[in-house]
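Engineer: Make a model of this:
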Amino acid sequence: LLGVDVVQNSKVIKSDVNETELLELTEGKPTRIIVTAIGGQGHIFGRGNQQISHRVINQTGRENIWIAATKNKLLSLRGKPLLVDTGDSKTNQVLTGYMSVITGFRERLICEVA
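Structural biologist: Sure thing, here's the model as predicted:
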């Protein structure tokens, strides 16, 4: 089962959290979201991870979002951008543009987000 886990100091402090729990556990604390794209589709938010809502994203900040994906997963998009559908047009707009994607040890690609 895939879900959203909260990790602090290399330890899982809560597994399979919902939006409310995420907001409570991260409020006022430095937070980083690590997410991957859905292969073939390219969604990074809004498909399969609704717990990471626009409220959680806004509380965390765009600069604290890390995207990780294999090169093969990115190639499967055939040049299409990564996608966001947070349910909030303002948050979607904030996430639009180019973001760094971790593809391996000391490897990154810059990908378009739409």
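
Engineer: ok, and the residue lying closest to Lys71 once chain neighbours are set aside, which helix or strand is that part of?
Structural biologist: Spatial nearest neighbour of Lys71, chain neighbours left out: Thr103 (5.1 Å); criterion: CB to CB, 6 or more residues apart in numbering. C-beta here means a position set from N, CA and C on the backbone, and glycine is covered the same way. When elements are assigned from DSSP states H and E, Thr103 belongs to strand 97-104.

Engineer: any residues touching that strand, and which ones?
Structural biologist: Contact partners of strand 97-104, identified using CB atoms under 8 Å, 6 or more residues apart in numbering, comprise 37, 65-71, 74, 82, 108-113.

Engineer: Buried residues, it. List them.
Structural biologist: Applying a neighbour-count criterion of 16 or more other CB atoms under 10 Å, the buried positions in strand 97-104 are Met99, Val101, Ile102, Thr103.

Engineer: Give me the phi and psi angles of Arg108.
Structural biologist: Backbone torsions for Arg108, taken as degrees, to the nearest 10, come to phi -140, psi 150.

Engineer: And it, how close does it get to Gln41?
Structural biologist: 21 Å (CB to CB, to the nearest Å).

Engineer: cool, Leu22 as well?
Structural biologist: As it turns out, when the distance is counted by CB to CB, Leu22 lies 23 Å from Gln41.

Engineer: Repeat that for Asp88.
Structural biologist: From Asp88 over to Gln41 (counting by CB to CB), the distance is 20 Å.

Engineer: Enumerate every residue touching the residue most central in space within the chain.
Structural biologist: The residue lying closest to the centre of the chain (CA atoms, centre = their mean) is Val35, at 3.6 Å. For Val35, the contact set (CB under 8 Å, 6+ apart) comprises Ile44, Phe45, Asn49, Ile52, Ile65, Trp66, Ile67, Ala68.

Engineer: Before I go, just wanted to say thanks for your time.
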